[in-house]
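[1] Next come a sequence and a model predicted from it.
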Amino acid sequence: MTRALSYLLLTAVTWYLAGMYRSFPLTALFVAELILFVLLAVQCGILCFTVRAEFPVSRTAGEKGAECRCRVRLIQRGRLPASRVRLTLSLSYPGRQGRVVRRLSAGGEPRSETELEFYAEPVLCGPVTVELAALRVYDLLALFPIQRRCRESMILAVFPVPRALRIEYAGAGGAWQGGDAVLPLRTGSSVEFRGLREYQAGDAARAIHWKQSARTDRLWTREYEQEARSRASLALCGPQTPLRAEQWDAFYEVLSALVLGLLVHAAAVQVLWRDSQGTGQAELSQGADLRDLLARLYAYGLEEAVLAGEFSLNTDLEWRRGGELVYRFSQTAFPEEIRDRVFDLYG
């Protein structure tokens, strides 16, 4: 409004001079200034309805501590140009107070679509809500900036940087006695086809036997000898009370490191948990599977549950094996513990 008041002051000075000197050119200038003032006000009102912004995707992903590229699309449907459009975005974590605000500016070309990029640097793992909070449109002289609220949002899934726990087994023969099964080390293990079994949630799509599935109208997957003998299980337990974003960050970091550490020795890790959708399970054999699991936990949360598994991990960062505590990670020093400690598991 400061610009508008300055413009009105200039118009008043023109009117005063036109009356003092009885000048026709100054009178014409005064009328032109009034007409322009009204036209710019009308233009900005129209632009408020013809300019909008949206996110091209509803979800995107990135790694903790790295720059994550995000995009927002600016759409101008009208014929009138805007001198400038400013977007206000906010980034927030669930369970954490405060928001990070970003502002983007762009020109408003008539009948155009423009994609703007901005970079977020998330410091915690978990889902980050990126919200398009406000859109401000400026007329050609920026006299009447009009701001309106937006309801667009996007989820930025922030994953831990892949780091594996250093797990060593001190049993005889290099075999890892896991529950009722013997888990041989992956190195040097032979992979022999064992047979077919019905598809289970979490099975890799590449293992589906499509011909058998088409004949029986049910999904079947190939099972290999190594897979049958070399599978660890991990049960997850959620919190009794809501956690802060920093606590969830520690849990996701430890979970990622633990799964990757187990995959060094086992061909797959079967993870069990309970979320808002019920009890779930997934079989992880590579880093991409781990990200799929984390994305589901980000979307549906993790609830308190007692599930049977060879290993278990809860949100207090207690890692157990067969009910016995293996190690309790610190909420503050877990990065050093993941990096420096070696965990010996005995059969």
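    Okay, I see it. Numbers count the residues shown, from 1 in each chain.

[2] Quick check: residue 235 vs residue 251, distance?
    Residue 235 is 14 Å from residue 251, where distance means Cβ to Cβ, to the nearest Å. Placement of C-beta: from N, CA and C, glycine included.

[3] same thing with residue 287?
    According to Cβ to Cβ, residue 287 stands 18 Å off from residue 251.

[4] Those two: which has the busier surroundings?
    Applying other Cβ atoms under 10 Å to residue 287 and residue 251 shows that residue 251 carries more neighbours, namely 25 against 15.

[5] Look at the more buried one and give its secondary structure.
    Classification of residue 251 using DSSP: H, G, I helix; E, B strand; the rest coil returns helix.

[6] Look up how far residue 236 lies from it.
    In this view, residue 251 and residue 236 are 9 Å apart by Cβ to Cβ.

[7] overlap in contacts of these two?
    Taking Cβ atoms under 8 Å, 6 or more residues apart in numbering as the contact definition, residue 251 and residue 236 share the neighbouring residues residue 313.

[8] Tell me where the longest helix sits in the protein.
    Longest among the helix segments of the chain by residue count, using DSSP state H, is helix 24-50.

[9] List the buried residues in that one.
    With burial defined by 16 or more other Cβ atoms under 10 Å, the residues of helix 24-50 counted as buried are 26, 27, 29, 30, 33, 37, 40, 43, 44, 47, 48, 50.

[10] Looking at the residues you listed, which gets the smallest pLDDT?
    Between those, the one the model trusts least by pLDDT is residue 48, at 82.

[11] OK, contacts around that residue?
    When contacts are counted by Cβ under 8 Å, 6+ apart, residue 48 is found next to 137, 146, 148.

[12] My understanding was that the second one contacts residue 44; is that so?
    Spelled out, that is residue 146. Yes. Counting by Cβ atoms under 8 Å, residue 146 touches residue 44, with 5.2 Å between them.

[13] Need the overlap of contacts for these two.
    Counting by Cβ under 8 Å, 6+ apart, the contacts common to residue 146 and residue 44 are residue 137.

[14] So in the chain, where's the weakest helix or strand by average pLDDT?
    Averaged element by element with mean pLDDT, DSSP states H and E, the chain has its least confident helix or strand at strand 181-183 (a mean of 38).

[15] Doesn't residue 338 belong to a helix?
    Yes. Secondary structure assignment (three-state DSSP) places residue 338 inside a helix.
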